[in-house]
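Participant: Sequence plus the predicted model coming up.
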Amino acid sequence: MTRLPGTARRAEVVQPGRPAARRRTPKPAPGRGRVPLPEGFPGPAELAPAARLMLADAVRVARWAGELAAVDKRGELLPDDARAAGRALAMTVGAAAKAWGQALLVGLVELRDGGAGPGWRLHAWEHDDEAVLRGWSGLFDAWTLLAPVPPAALRGVFAVLAGQAVDQAPQLLSFLHLVDGPVVESELLELLRRGLDERRIGAGSGFATLSPVPHAASAVSAVRGTCREPQVDTPAATSDIAAVLDWMLDGLAAVGALTRVDAAAELSRLGHWAVRAKLEEICTVAQTAAGHIEQGALELLDACAHYTPGPARAEYRAWVAARPADRAVAELLEAARGEDALLRGLAFEALRVAGGTAEQAVRAATDEPVLRPYALLWLAEQSEEDGVVPSDVLSAEDAAWLWVDTAAAVLDHGETELLVGHVEGASAGDPVRLFARARQSGHARAASVLTAVAGVHPDPAVARAARRSAFSVHHGGA
């Protein structure tokens, strides 16, 4: 999934007995290969030296390490090795550890058999400029991990705003790329403020996407709305947004993507290359709308689960247009009846493309418990009413069922840590009540979702409450 730039992707963990998820990258249409570099745009040979300089310490640590017999569970250097690297390379222990982390991100070293050794990129480092740039791109994608930690007084603000602001980074970077010169930070601040306001207003309508799982935000909003009176959502203070912008710009500067001079920011040549590369990837995906026309609905949805929303919608439009509307709608609804909650949500995303031609079939689907919450939300979106929110559309029972269903999709296809946000957003400060609703929802996955929440929630009291509710589901408790 292409993001510009987003947070760094964590290493995927393959659960025993479950095949690794396959990320699909659509093949370019005939005649549509890599976009030629614009005249005057620096090529890899001109850009690679800056990337090599940025990662010089990472390369030194990777070469010093050679084949390491052991690293810790996160792949980091063991304390003795970090001290040895510092002594050998005239670095502090902290600098050696940081350089090792960068080497892992870039692919200069690879984890294997409980230890680590040189990656192929290290062997290609001195002679393959493209490999160097792609390696630096890994560092660019991980800027949120490398950004300076904010002062303690600001961490409460960051807990709310930082994640939202990161989603606005593509717009900021694209703007800097288009301007191709210094931009005063007050202008970037206004751009960020507008983006956060639009996101906040969209979230208030209940249909914002706060999770990779479709309709997860609607489920959270509906459960909150049926648990307590909605709270007034006030915009963040300008000083708080300015602090978050400062953190973002420092993080992007730390990876060499931009420079800050005299209260202005400007993309570096590496930064321009990274933004252009990301945009090129997005365009390549967007050019392949005919890639799944001949496949069935399940294959279409399974493929689009790995696309960003724009390219996915292009695929849906092409797929629906290639067959009679009633047949397309019937196939999508049949796919939604399956056991995969993620594909169920995606099926209703695809049905948005069909528009009014799907209304009769979707209205009939409200009689089916598995489809009812999704169908009700779809019909509400199709209506001309203003200000419709999920808690106006769904009963408490439907909202609880949808919350469990979207949580199951998170559990099966996302990172289990996302369940914590799914709980916090919906619980309205009363997780026990939320778990009781989930327990009584009648959803077949209620017990597994509650058990997963108990295993990942950092608050022991919330984890115990989830575990008790899961136990009650297993034993038929009320």
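Facilitator: Okay, I see it.
Participant: CA atoms only: put stretch 265-272 into CSV for me.
Facilitator: Extracted in CSV, the C-alpha atoms of stretch 265-272 (Å, rounded to 0.1, in the frame of the first residue of the first chain):
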residue,chain,number,x,y,z
ALA,A,265,11.2,25.0,4.9
GLU,A,266,12.4,23.7,1.6
LEU,A,267,12.6,20.2,0.2
SER,A,268,16.1,18.9,-0.4
ARG,A,269,17.0,17.3,-3.7
LEU,A,270,16.5,13.9,-2.0
GLY,A,271,13.1,15.1,-0.7
HIS,A,272,12.0,16.1,-4.2
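Participant: let's have the chain start at 39 instead
Facilitator: OK, 39 is where the count begins now, so the last one is stretch 303-310.
Participant: quick one: that stretch to chain centroid distance?
Facilitator: 24 Å (C-alpha atoms, centre = their mean, to the nearest Å).
Participant: Likewise for stretch 471-487?
Facilitator: Centroid displacement of stretch 471-487 relative to its chain, using C-alpha atoms, centre = their mean, is 26 Å.
Participant: Please apply the same query to stretch 210-220.
Facilitator: Distance of stretch 210-220 from its chain centroid, counting by C-alpha atoms, centre = their mean, is 23 Å.
Participant: Check which helices and strands the strand or helix carrying residue 336 sits against.
Facilitator: Secondary-structure assignment from DSSP states H and E places residue 336 in helix 335-342. Under the contact criterion of 3 or more C-beta pairs under 8 Å, 6 or more residues apart in numbering; DSSP states H and E, helix 335-342 touches helix 347-359, helix 363-374, helix 379-392. C-beta: built from backbone N, CA, C; applies to glycine.
Participant: buried stuff in the second one?
Facilitator: Of the residues in helix 363-374, those scored as buried under the neighbour-count criterion (16 or more other C-beta atoms under 10 Å) are 366-367, 369-371, 373-374.
Participant: Can you show me the CA trace of it as PDB?
Facilitator: Taking C-alpha atoms only, helix 363-374 is exported to PDB below (Å, rounded to 0.1, in the frame of the first residue of the first chain):
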ATOM      1  CA  ALA A 363     -25.500  -3.500 -12.900                       C
ATOM      2  CA  ASP A 364     -27.800  -6.100 -11.200                       C
ATOM      3  CA  ARG A 365     -25.300  -8.800 -11.600                       C
ATOM      4  CA  ALA A 366     -22.500  -6.700 -10.200                       C
ATOM      5  CA  VAL A 367     -24.500  -5.800  -7.200                       C
ATOM      6  CA  ALA A 368     -25.600  -9.400  -6.600                       C
ATOM      7  CA  GLU A 369     -22.000 -10.600  -6.800                       C
ATOM      8  CA  LEU A 370     -20.800  -8.000  -4.300                       C
ATOM      9  CA  LEU A 371     -23.600  -8.700  -1.900                       C
ATOM     10  CA  GLU A 372     -22.800 -12.400  -2.100                       C
ATOM     11  CA  ALA A 373     -19.100 -11.700  -1.400                       C
ATOM     12  CA  ALA A 374     -20.200  -9.600   1.600                       C
END
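Participant: Give me the average confidence score over that helix.
Facilitator: For helix 363-374, the mean per-residue pLDDT is 91.
Participant: what sits up against it?
Facilitator: Applying C-beta atoms under 8 Å, 6 or more residues apart in numbering, the external contacts of helix 363-374 come out as 334-336, 339, 357-358, 361, 381-382, 385-386, 388-389, 392, 395-396, 399-400, 403, 408-409, 412.
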